[in-house]
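Undergrad: Whatever this is, show me its structure:
(4 chains)
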Number of protein chains: 2
Amino acid sequence: MADPQFDELSAKQQGILRFLETFIAEHDYPPSIRDIQSGCDISSTSVVDYNLKRLEEKGFIRRDREVSRAIELLGGSAGSRRRTVPVPLLGKIAAGIPIPTPPDASTIEAAPDTIELTEDQTGGRSNVFALRVDGHSMVDALINDGDIVILEPTQSCDDGEMVAVWLKAENETTLKKFFHEGERVRLQPMNATMDPIYTSADNIEVQGRVVTAIRPF
Amino acid sequence: MADPQFDELSAKQQGILRFLETFIAEHDYPPSIRDIQSGCDISSTSVVDYNLKRLEEKGFIRRDREVSRAIELLGGSAGSRRRTVPVPLLGKIAAGIPIPTPPDASTIEAAPDTIELTEDQTGGRSNVFALRVDGHSMVDALINDGDIVILEPTQSCDDGEMVAVWLKAENETTLKKFFHEGERVRLQPMNATMDPIYTSADNIEVQGRVVTAIRPF
DNA sequence: TTCGGAACAGAACATATGTGCCGGAACTGA
DNA sequence: TCAGTTCCGGCACATATGTTCTGTTCCGAA
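TA: Next comes the predicted model:
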């Protein structure tokens, strides 16, 4: 969508637009005409209506007529609200400890922190959870200490998917690309220069599919 | 905040809550009492009002009395909306090409794609931009082909910050931790096992501070 | 200057919308 | 069975709120 030019608006219209953003941010619902009137020091409701019509013509907002507070602000303007999902940060992931799966309701309730992610970051999946990487044991997956990995609970996976795997014999959690190869499985590090691990299928336990990895600085 | 128990609600109240979520997701503004009434097949507005009062008592929603459509749904329930910022995806970042800085208004307008990030992911910074990593030249920064790095434009930086640096003599872009050391600078790879680069201060050009790195799968 | 449109003021109007009241059904505990 | 509570239905009412009408002011074009 072509982003409308903010500069082309009159001072009053820019003020209304800013007021809309702050009001919605504050209340979670849009203001009425009279809210805008008092909030922007405008003398008449008709002036507000007039300018809202202009803003609608120019594609900044959408209104549903006859419906109160039915102002929806469009465009990529800062402060727009998108659907986000709270992702529980369930704990740490490290080489030596199994990850807490399956994350049941009580675990999620007790999560001390949650991370807000947009829906495209979770790929629309609803039951994902987050773990903070502890230590440098996953550098072969190009995952650093302090990174956050977003996982989707699963016991099985398709070839080539990035999964968290528990190696029973080795007593170790690792992140690898998964490939079935007859009796055994191949666990391929993301780092192409490193060699894969081969092990028997019953030595491993898939604990989750990696949806995203995030590294905050 | 203790998340209220969804199960404790009557079927009607659960229906109302779900209707609220979908209505807000669809319209960007909350429904009126009568919208809920028809949307949930409830016979009377007073019943809706009654159940909304219960929902408010139990902490699922907040209402502003006397104000139409002033229903704000609380809690980490899926479908909540948070403030997000659109981050322009300006292009690729690769070893051999300088990154497009400074990103001026026209560049940003012309950005073919934008990524929605939550405000905590951008650290509240407003002028960040995103680049998709092309190639494996930054594995020493634990950044993979296809990763997305979020940058904040800057020409200078403090010691220890992760920055995108243009090496003039080498004709190369790289991501390193930056340290002033007298006449020269030390560029430290994130991967602790790798050796730093030392070069003179006037051979480098800081192009941006790395805010976040995201790896979608 | 005159004309016309854009923007504004003020008020009246029509409807949208939350709320209160009364009564009844369904259930509960004594 | 009876009183009490919870929940529902229906309706009227007050007000919150969008819309419209009339007139005014400002400003640039002809």
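Undergrad: Name the residues of the helix or strand A:Leu17 falls within that are buried.
TA: Secondary structure assigned from DSSP states H and E places A:Leu17 in helix A:11-27. By neighbour count on 16 or more other CB atoms under 10 Å in any protein chain shown, the buried set for helix A:11-27 is A:Lys12, A:Gln13, A:Gly15, A:Ile16, A:Leu17, A:Phe19, A:Leu20, A:Glu21, A:Phe23, A:Ile24, A:His27. Quick note: C-beta positions are derived from backbone N, CA and C, even for glycine.
Undergrad: Name the residues that touch it?
TA: If you take CB atoms under 8 Å, 6 or more residues apart in numbering or on different chains as the criterion, helix A:11-27 is touched by A:6, A:9, A:30-31, A:35-36, A:39-40, A:42, A:47-48, A:51-52, A:54-55, A:60-61, A:71, A:73, A:77-79, A:81, B:64, B:70, B:72, B:83.
Undergrad: Check stretch A:117-129 too.
TA: Residues from elsewhere that reach stretch A:117-129 (CB under 8 Å, 6+ apart): A:82-85, A:87-90, A:103, A:108, A:150-153, A:208, A:211-212, B:78, B:84, B:115-118, B:214, B:216.
Undergrad: remind me which residues of chain A are low pLDDT?
TA: Counting by pLDDT under 70, chain A shows low-confidence ranges at A:1-5, A:7, A:75-83, A:96, A:100-111.
Undergrad: quick one on the thing from earlier: just the closest of the buried residues of helix A:11-27 to B:Ala201, please.
TA: Closest approach between those and B:Ala201, by CB to CB: A:Glu21, at 42.3 Å.
Undergrad: circling back to that earlier point, out of the contacts of helix A:11-27, name the ones that lie in helices.
TA: Among the contacts of helix A:11-27, DSSP state H puts A:Asp35, A:Ile36, A:Gly39, A:Val47, A:Val48, A:Asn51, A:Leu52, A:Arg54, A:Leu55 in helices.
Undergrad: what subset of those residues is also close to DNA strand C?
TA: Cross-checking those against DNA strand C (CB under 7 Å from any atom of the strand) gives A:Val47, A:Asn51, A:Arg54 as the overlapping residues.
Undergrad: between these, which is closest to DNA strand D?
TA: Proximity of these to DNA strand D (CB to the nearest atom of the strand) peaks at A:Val47, which lies at 8.8 Å.
Undergrad: do you know how far that closest one is from A:Glu21?
TA: Distance from A:Val47 to A:Glu21, counting by CB to CB, to the nearest Å: 20 Å.
Undergrad: about what we covered before: near DNA strand C, which of the buried residues of helix A:11-27 show up?
TA: Restricting these to those near DNA strand C by CB under 7 Å from any atom of the strand leaves A:Lys12.
Undergrad: can I get the buried residues of helix A:11-27 in CSV with distance to B:Asn144?
TA: Conversion of these to CSV gives the following (distance: CB to CB, whole Å):
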residue, distance to B:Asn144
A:Lys12, 49
A:Gln13, 45
A:Gly15, 45
A:Ile16, 45
A:Leu17, 40
A:Phe19, 44
A:Leu20, 40
A:Glu21, 36
A:Phe23, 42
A:Ile24, 38
A:His27, 42
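Undergrad: where do the strands sit along chain A?
TA: For chain A, the strands defined by DSSP state E cover A:61-63, A:71-73, A:81-93, A:113-118, A:129-133, A:148-152, A:162-167, A:172-181, A:184-188, A:197-200, A:204-216.
Undergrad: mind checking which of these is nearest B:Met138?
TA: Of all the strands of chain A, strand A:204-216 sits nearest to B:Met138, with 12.2 Å by CB to CB.
Undergrad: Kindly spell out which helices and strands sit in contact with that closest one.
TA: helix A:119-122, strand A:148-152, strand A:162-167, strand A:172-181, strand B:204-216 (3 or more CB pairs under 8 Å, 6 or more residues apart in numbering or on different chains; DSSP states H and E).
Undergrad: of those, which approaches DNA strand D most closely?
TA: Minimum separation from DNA strand D across those (CB to the nearest atom of the strand) falls at helix A:119-122, 28.8 Å.
Undergrad: What are the neighbouring residues in contact with A:Gln207?
TA: Neighbour list for A:Gln207: A:Pro98, A:Ile99, A:Thr101, A:Leu151, A:Pro153, A:Val163, A:Ala164, A:Val165, A:Trp166, A:Thr173 [criterion: CB under 8 Å, 6+ apart].
Undergrad: tell me which residues form a beta bridge with the nearest residue to the fourth one once chain neighbours are set aside?
TA: Right, A:Leu151. Spatially, and ignoring its direct neighbours in sequence, A:Leu151 is nearest to A:Gly208 (3.5 Å; CB to CB, 6 or more residues apart in numbering or on different chains). Beta bridges link A:Gly208 to A:Ala164 when assigned by DSSP bridges.
Undergrad: count of residues packed around A:Gly208?
TA: 28 (other CB atoms under 10 Å in any protein chain shown).
Undergrad: quick check: domain ranges of chain A?
TA: Using automatic domain parsing, the domain parsing of chain A gives A:4-82, A:85-214.
Undergrad: now those domains as TSV including distance to B:Thr199?
TA: Output for the domains of chain A, formatted as TSV (distance: least, CB to CB, whole Å):
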stretch	distance to B:Thr199
domain A:4-82	37
domain A:85-214	24
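Undergrad: thinking again about what came up before, who wins for neighbours among the ones next to DNA strand C among the ones in helices among the contacts of helix A:11-27?
TA: Neighbour counts for these, by other CB under 10 Å, peak at A:Asn51, which reaches 20 neighbours.
Undergrad: what sits against that one?
TA: Taking CB under 8 Å, 6+ apart, we find A:Asn51 in contact with A:Ser10, A:Lys12, A:Gln13, A:Ile16.
Undergrad: ok, back up a step: give me the buried entries from the contacts of stretch A:117-129.
TA: Among these, those scoring as buried are A:82-85, A:87-90, A:103, A:108, A:150-153, A:208, A:211-212, B:84, B:115-118, B:214 (criterion: 16+ other CB under 10 Å).
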